[in-house]
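Novice: Have a look at this prediction, sequence included:
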4 protein chains.
Amino acid sequence: MNAFTGTSVESYKQRYINRGRLLISCPDQQGIVASVSKFLYDHGANIIESNQYSTNPSGGTFFIRIEFEMEELAERKATLEKEFRPIASVFNMEWKFTRVSELKRTAVFVSKELHCLLELLWEWQSGELMCDLALVISNHEEARSVVESFGIPFYYLPASKDIREEVEKKQLAMLQKEEIDVIILARYMQILTPNFVRAHPYQIINIHHSFLPAFVGAKPYHRAYERGVKLIGATSHYVTDDLDEGPIIEQDIERVDHRNQAEDLKKIGRSIERRVLNNAVKWHLEDRVIVHENRTIVFN
Amino acid sequence: MNAFTGTSVESYKQRYINRGRLLISCPDQQGIVASVSKFLYDHGANIIESNQYSTNPSGGTFFIRIEFEMEELAERKATLEKEFRPIASVFNMEWKFTRVSELKRTAVFVSKELHCLLELLWEWQSGELMCDLALVISNHEEARSVVESFGIPFYYLPASKDIREEVEKKQLAMLQKEEIDVIILARYMQILTPNFVRAHPYQIINIHHSFLPAFVGAKPYHRAYERGVKLIGATSHYVTDDLDEGPIIEQDIERVDHRNQAEDLKKIGRSIERRVLNNAVKWHLEDRVIVHENRTIVFN
Amino acid sequence: MNAFTGTSVESYKQRYINRGRLLISCPDQQGIVASVSKFLYDHGANIIESNQYSTNPSGGTFFIRIEFEMEELAERKATLEKEFRPIASVFNMEWKFTRVSELKRTAVFVSKELHCLLELLWEWQSGELMCDLALVISNHEEARSVVESFGIPFYYLPASKDIREEVEKKQLAMLQKEEIDVIILARYMQILTPNFVRAHPYQIINIHHSFLPAFVGAKPYHRAYERGVKLIGATSHYVTDDLDEGPIIEQDIERVDHRNQAEDLKKIGRSIERRVLNNAVKWHLEDRVIVHENRTIVFN
Amino acid sequence: MNAFTGTSVESYKQRYINRGRLLISCPDQQGIVASVSKFLYDHGANIIESNQYSTNPSGGTFFIRIEFEMEELAERKATLEKEFRPIASVFNMEWKFTRVSELKRTAVFVSKELHCLLELLWEWQSGELMCDLALVISNHEEARSVVESFGIPFYYLPASKDIREEVEKKQLAMLQKEEIDVIILARYMQILTPNFVRAHPYQIINIHHSFLPAFVGAKPYHRAYERGVKLIGATSHYVTDDLDEGPIIEQDIERVDHRNQAEDLKKIGRSIERRVLNNAVKWHLEDRVIVHENRTIVFN
């Protein structure tokens, strides 16, 4: 028995059994909110939270995220979707309904440094990060015992530049078999091929250990030390084909000073990385993050 | 001639001539958003920004703030209000339409310390704080030259405990004559009587030099020093009859350490007070602050 | 075997085998630094870090903390102390030499909420919090499995108002037997008697879940919600006989807004509590905190 | 007459008439502090504040800044310097004594945006930035009236790429004639030639409107918007021949989100720029900043 495992996932799913989310993006024009809110009202939905944003009310793109309660949501979802299609068509919408209790299937990739993984595990077990934490994959054995102590399957898959494609093939097969929706790179330290990235568009969340776009690439803390910055930071972003150039979800910083050597920056950085990745993952799991022109809209 | 005076107020009013705001609070129930958004759509309004909040979607209070563009808003406002009344009645709404270009008539009360006043003046002249800055009242002469250099009328009205009621009578008369909507206490350092406060409900904004509810009352920086806190702060709140107990609009803090004497805390505190008051005033002027059960909802 | 346990404690002790600290407080007067630095120089000490502070250079109290390297420190420490006594006498000093590799014997008291304990355990195993983590005492069983998974003895001692003195007797006996120097109340949620506190002057570190002196006492997050604050915080302080009035070591805050219910404040507060307590403990373990007139001097 | 001008400069000089500072850097070795503190003690100096730092206690570079009180400092300074030379020679020191009441002669360069200049003027008049504010130079007329209202000479010198050398010649002549020690580029927006920079090594302080090294070069706010960062910042640094690559003195940031357009970032950035430049200038004026290998040691 483990102190961590509990009933938080099940009680969460039960509590939010009738909670749904509607996400829409479309060309901005008059009447969108009127139509959507009438639709929800006609179907007996009770709006819990609503956020909207327009890049430009005259001819830009409009985004809305609505969280609502509806009786027998699971049973009625298909009908709801079918009946929403005409409205979506009129306004040329991209849209999706999701059910909060259908947790996202999540995989964590990790290497030797465990601080980000540990933060995710703790927040997960305490009910803050709601997802089906399906598996952890690592190119090292360091994380095994802690991951397994949470009752989560751990897979050791050696990785390196030379065997990248072969390893990714195995990884992709595992992700597909496990029906993974979200991949969290919790300091995985391996570059992914375009092929891998393309298979999971805006579903791979990375933590970079600098306030991007400063210190793109390797060894950011050493370079931060060399440059003599007075702040260090971390950035969580979606992975795209351009290394460290994907849409930024969250960033934060801490103050440092002349007494901090590169090693100190690494230590201080750990706590920034932990909370930045944790926030980004949380918002993604709650469908709060929308990508638009390589930037994110975060309805938090 | 003064470097500050310019055309920012006039150009702002022109730019936002057709910009309106609708603020509503009512018991939460289904159909509110559907009805309101249909109304705005039917009247040709283009929604620019919309924020909503419910204290409890099952039977709580619902709040919404909508900013919109509408052709010939000035001419059509009376009709708009008349036609909205039936909807308001159905949902038991408290509501108001405002026009952005009808700037709020604003008075600043100040004493000897000018840092908050100066911040407001600069932000006002640079176009960040949009209001009709009608007058400054002080119980000292220190502020006169700088206020008048901005082209704003300055009134010297001595004040003290002993002559409080008499002075407030004069002040109230001036405020009424000038049709003042907002009173900013920019370190005024005088207590207002319930009579004065009642005449301007949730229209008087104060800056208190501590992170309330810590250090309610006088000499907060000295008491912060005595207590050995590691953070000092400031709080901007609406003035009510309970001293320092009104609804909080904004707070912020700065780090301090053992080397800072009480005098240092005062100096560090000035920059916190400046930005906290400035934010609170800005949000109030933009109708972003709603008071509910002695707390504020801030749609920023 | 556990992923966490490692050789970090032993390698740390080895690395700092010749590292010492000298802490002094005395009436300020000319010549203190000259005498102390001459003494260290004459004994072949290499100063690594030095911090000093005077409450008032004319007649106040002077504090200095010097970290130094000295060959064969363990063997020479007694001689060093003997030879320092004449200088200490001249300047009327309170002082102590400590060896960095003599880790402080530490006990953690915890109740049902484990976030602060987990943070301490993690920082301890990663080598950030250097101490002999001798035991964990709790009035609940929740923490047992995680504590024991780190190889640390866990003791369950039920506690409540009614049996307070009897329980404290057992606790004090255990602390004495284990030669404990530092007691960390990691959300212990029980009040200690003056008798207990007196036995460990400025050796008990508590985390209070508000930015003191705001919300002294029970249920600070609920009261913060009621008051409508825009910041919540946490405070780590030494425990004294006056509840929540002991010298503050560290404080920090996070922003909240009208959407956060009392439950949300509790969750957000957890991460503040974790880092605030962690910082306070770290500084205490490194002899960086000095208490003076119920305030702390923190040489960090 | 102006509300700002006052006696703060004169009263400051009087108050600190006997306050001196000693700044030293030298190869680290044992005995430095012992020798220096003995020297000051023998000359009757009362140490007020002392900060030291070593890049590496075994063979690195040692830095110390001591602030002290000494009777008749002005009269005795030359003797003090003469008698310190032998010690300086033994330890191979670079060093200087300064008198706090000998204020640094300061020039501000500004262009059209006045927010940084205004902050400096305000902090100067309130006694926070102690310097002889000798003149303001601008390539535009915008700042004239406000500068002159503080009683400070204002010089309009048109500048552009084409006439750079010719203009700098005039500027350098003015700076030399006025015996300027510190040049503050308060959003001057013109690149300086190596010739100009070389004439004032580590005496020119710039404010860059990004958290360097992110967004080196022009239009940082627009590029920050394009990149979709969640934080914007500002950096104050000494000007060197490498554009935006000089030693960083201070940095700070503010949070932004998807709703902020490039124009909003500029506005939010102004308040960051104001406080970052202000801090950097203050520390420089107080001799708290030391440059070492293109990084700064800031004894604050």
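Specialist: Now that the structure is in, tell me what you want to look at. Just so we're clear, the structure is a prediction, and the values are computed from it rather than from any experiment.

Novice: Over to residue A:231: give its phi and psi.
Specialist: Main-chain torsions, residue A:231, degrees, to the nearest 10: phi -140, psi 140.

Novice: wait, it sits on residue A:255?
Specialist: Yes: the pair residue A:231 / residue A:255 is scored as a contact, 6.0 Å apart, by C-beta atoms under 8 Å. Any C-beta I mention is one placed from the backbone N, CA and C, and that applies to glycine too.

Novice: ok, now which ones touch residue A:69?
Specialist: By C-beta atoms under 8 Å, 6 or more residues apart in numbering or on different chains, residue A:69 lies in contact with A:18-20, A:45-46, A:48, B:57.

Novice: rerun at 6 Å
Specialist: Residue A:69 makes contact with A:18-19, A:46, according to C-beta atoms under 6 Å, 6 or more residues apart in numbering or on different chains.

Novice: List the contacts of the nearest residue to it once chain neighbours are set aside.
Specialist: In space, and not counting its chain neighbours, residue A:69 is closest to residue A:46: 4.6 Å by C-beta to C-beta, 6 or more residues apart in numbering or on different chains. Residue A:46 sits next to A:68-69, B:30, B:57 when contact means C-beta under 6 Å, 6+ apart.

Novice: how near is residue A:147 to residue A:276?
Specialist: Distance of residue A:147 to residue A:276, computed by C-beta to C-beta, to the nearest Å: 21 Å.

Novice: again with residue A:88
Specialist: Using C-beta to C-beta, residue A:88 is found at 35 Å from residue A:276.

Novice: So which of these two has more stuff around it?
Specialist: Taking neighbours as other C-beta atoms under 10 Å in any protein chain shown, residue A:88 and residue A:276 compare with residue A:276 leading, 27 against 17.

Novice: re the thing from before, could you dump the contacts of residue A:69 to CSV with distance to residue A:205, pLDDT and secondary structure?
Specialist: Shown next, in CSV, are the contacts of residue A:69 (distance: C-beta to C-beta, whole Å; pLDDT from 0 to 100; DSSP: H, G, I helix; E, B strand; the rest coil):
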residue, distance to residue A:205, pLDDT, secondary structure
A:18, 28, 97, coil
A:19, 23, 97, strand
A:46, 31, 92, strand
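
Novice: Out of those, flag the one nearest to chain D.
Specialist: The shortest gap between chain D and any of the contacts of residue A:69 belongs to residue A:19, at 24.3 Å (C-beta to the nearest C-beta).

Novice: before we move on, back to that, which one (most neighbours) among the contacts of residue A:46?
Specialist: Most crowded among those, counting by other C-beta under 10 Å, is residue A:68 at 22 neighbours.

Novice: tell me which residues form a beta bridge with it?
Specialist: Note on residue A:68: beta-bridge partners by DSSP bridges are residue A:20, residue A:47.

Novice: my guess is it meets residue A:47, correct?
Specialist: Yes: at 5.1 Å, residue A:68 counts as touching residue A:47 under the criterion of C-beta atoms under 6 Å.

Novice: count of neighbours near the closest residue to residue A:253 other than its chain neighbours?
Specialist: Closest residue in space to residue A:253, ignoring its immediate chain neighbours: residue A:233 at 3.8 Å, by C-beta to C-beta, 6+ apart. Residues near residue A:233, counting by other C-beta under 10 Å, number 28.

Novice: Residue A:14: how many residues sit nearby?
Specialist: Residues lying near residue A:14 (other C-beta under 10 Å) number 10.

Novice: same question, the one 10 residues further on
Specialist: Other residues within reach of residue A:24, judged by other C-beta under 10 Å, total 22.

Novice: For it, give me its contacts.
Specialist: Taking C-beta under 6 Å, 6+ apart as the test, what residue A:24 contacts is A:64, A:93, A:95.

Novice: would you say it is within a strand?
Specialist: Yes: counting by DSSP: H, G, I helix; E, B strand; the rest coil, residue A:24 is found in a strand.

Novice: do the helix or strand harbouring residue A:9 and chain C meet?
Specialist: Residue A:9 is part of helix A:8-15, with elements assigned from DSSP states H and E. No: applying C-beta under 6 Å from any C-beta of the partner chain, one finds helix A:8-15 separated from chain C by no less than 12.7 Å.

Novice: Chain A against chain D: which residues are in contact?
Specialist: By C-beta under 6 Å from any C-beta, the residues of chain A that approach chain D are A:213-214, A:227-228, A:230-231, A:248, A:250-251, A:253, A:258, A:295, A:297.

Novice: Determine which two of those are furthest apart.
Specialist: A:258 and A:297 (38.5 Å; C-beta to C-beta).

Novice: neighbour count winner among these two?
Specialist: Legend: neighbour count by other C-beta under 10 Å for residue A:258 and residue A:297, higher for residue A:297 (22 against 18).

Novice: Just say helix, strand or coil for the more buried one.
Specialist: Three-state call for residue A:297 (three-state DSSP): strand.

Novice: contacting residues for it?
Specialist: Residues near residue A:297 by C-beta under 6 Å, 6+ apart: A:53, A:63, A:290, D:258.

Novice: Now, those residues that are in strands?
Specialist: Among the contacts of residue A:297, DSSP state E puts A:53, A:63, A:290 in strands.

Novice: hmm, back to that, most neighbours out of the contacts of residue A:24, which is it?
Specialist: Neighbour counts for the contacts of residue A:24, by other C-beta under 10 Å, peak at residue A:64, which reaches 23 neighbours.

Novice: pretty sure that one contacts residue A:51?
Specialist: No: with contact defined as C-beta under 6 Å, residue A:64 does not reach residue A:51; the gap is 7.1 Å.

Novice: What distance do you get for residue A:231 to residue D:234?
Specialist: For residue A:231 relative to residue D:234 (C-beta to C-beta), the value is 11 Å.

Novice: So for these two, which residue has more residues nearby?
Specialist: residue D:234 (27 against 22).

Novice: quick one: the more buried one and residue D:272, what's the gap?
Specialist: 4 Å.

Novice: Using the record's assignment, carve chain A into domains.
Specialist: Domains of chain A are assigned by automatic domain parsing as A:17-99, A:105-298.

Novice: Kindly compare burial across these and name the winner.
Specialist: Most buried of these by mean neighbour count (mean count of other C-beta atoms under 10 Å in any protein chain shown) is domain A:105-298; its value is a mean of 19.

Novice: how far does it sit from the chain's center?
Specialist: Computed by C-alpha atoms, centre = their mean, to the nearest Å, the separation of domain A:105-298 from the middle of its chain amounts to 10 Å.

Novice: Quick check: mean pLDDT of it?
Specialist: Regarding domain A:105-298, the rounded mean pLDDT is 95.

Novice: start to end distance for it?
Specialist: End-to-end span of domain A:105-298 (C-alpha to C-alpha, to the nearest Å): 21 Å.

Novice: Pretty sure residue A:230 sits against residue D:251.
Specialist: Yes: using C-beta under 6 Å, residue A:230 is in contact with residue D:251, at 4.4 Å.

Novice: Work out for me the element the closest residue to chain C within the stretch 51-200 of chain A sits within.
Specialist: In the stretch 51-200 of chain A, the residue that lies nearest chain C is residue A:145 (4.0 Å; C-beta to the nearest C-beta). For residue A:145, the host element (DSSP H and E) is helix A:144-149.

Novice: Tell me which other helices or strands that helix touches.
Specialist: strand A:154-156 (3 or more C-beta pairs under 6 Å, 6 or more residues apart in numbering or on different chains; DSSP states H and E).

Novice: Give me the contact list for the strand it packs on.
Specialist: Contacts for strand A:154-156 (C-beta under 6 Å, 6+ apart): A:136-137, A:141, A:144, A:147-148.
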